[in-house]
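K.L.:
Provide a 3D model corresponding to the input given below.
(chains A and B)
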Amino acid sequence: RKEVEQDPGPFNVPEGATVAFNCTYSNSASQSFFWYRQDCRKEPKLLMSVYSSGNEDGRFTAQLNRASQYISLLIRDSKLSDSATYLCVVKGRGSTLGRLYFGRGTQLTVWP
Amino acid sequence: GAVVSQHPSWVICKSGTSVKIECRSLDFQATTMFWYRQFPKQSLMLMATSNEGSKATYEQGVEKDKFLINHASLTLSTLTVTSAHPEDSSFYICRTTTGTSGVGGTDTQYFGPGTRLTVL
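P.N.:
A predicted model of the protein is given here:
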């Protein structure tokens, strides 16, 4: 079983739509959680960290459910510039401290 | 702020040749460097972890004699793909961190911009 599982999509939505991505992770002892954005042929860039209480950054809202080992990202009022691949990333702890586990990414296309 | 440069950004080579990819940390010391490979529509897969001055630790299934990693200084780590074949064509990315990784740690991740390797 993979450490991080994501629906690869693609998600194709019109501008202004709300879209949600989900992710599950297998290691209940995982330490930290993130959403990264990756544009085509570029390196991943941190979009936001995910906290247990849930957190919001402008149009982006991230949620974490440790009991279900489930992470979500909600994008409201989608913009054309949001088109990218969104990676769910989990950081290990203990013997895997510092190691990042990447989901395969969910592809989003926002059309005018 | 801290930056990681990666060179080359794009390379095409003939089958059987070797390609060296460099990752440099600018304005900070990269004690540990993580090397990843990413195939189209796939996740970043960790290939190996290198620490300055010591041998790299390779992930299961990654041939250490094929993917040579050198981390001789705190600002430079290199990955050499030896005797490259078309199946080695991929996007290679390095990553390093600053700060502390423990619980409550404040480490920050820095990725190189990636190298797209095409082997003909």
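K.L.:
who in chain A is up against chain B?
P.N.:
Residues of chain A lying near chain B by Cβ under 8 Å from any Cβ of the partner chain: A:4, A:8, A:31, A:41-46, A:87, A:91, A:93, A:97-100, A:102-105, A:107. The way it works is simple: take the backbone N, C-alpha and C, and place the C-beta from them, glycine included.
K.L.:
low pLDDT regions in chain A?
P.N.:
A:94-97 (pLDDT under 70).
K.L.:
Now do the strands in it.
P.N.:
Under the criterion DSSP state E, chain A contains strands at A:4-6, A:11-14, A:19-25, A:32-38, A:45-50, A:55-57, A:60-65, A:70-75, A:84-91, A:100-102, A:106-111.
K.L.:
Can you lay out these as JSON lines showing mean neighbour count?
P.N.:
Formatted as JSON lines, these follow (neighbours: other Cβ atoms under 10 Å in any protein chain shown):
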{"stretch": "strand A:4-6", "mean neighbour count": "21"}
{"stretch": "strand A:11-14", "mean neighbour count": "14"}
{"stretch": "strand A:19-25", "mean neighbour count": "19"}
{"stretch": "strand A:32-38", "mean neighbour count": "22"}
{"stretch": "strand A:45-50", "mean neighbour count": "17"}
{"stretch": "strand A:55-57", "mean neighbour count": "12"}
{"stretch": "strand A:60-65", "mean neighbour count": "18"}
{"stretch": "strand A:70-75", "mean neighbour count": "19"}
{"stretch": "strand A:84-91", "mean neighbour count": "24"}
{"stretch": "strand A:100-102", "mean neighbour count": "22"}
{"stretch": "strand A:106-111", "mean neighbour count": "18"}
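K.L.:
For B:Tyr36, find the nearest of the ones you listed.
P.N.:
With Cβ to Cβ as the measure, strand A:100-102 is the member of the strands of chain A nearest B:Tyr36 (8.0 Å).
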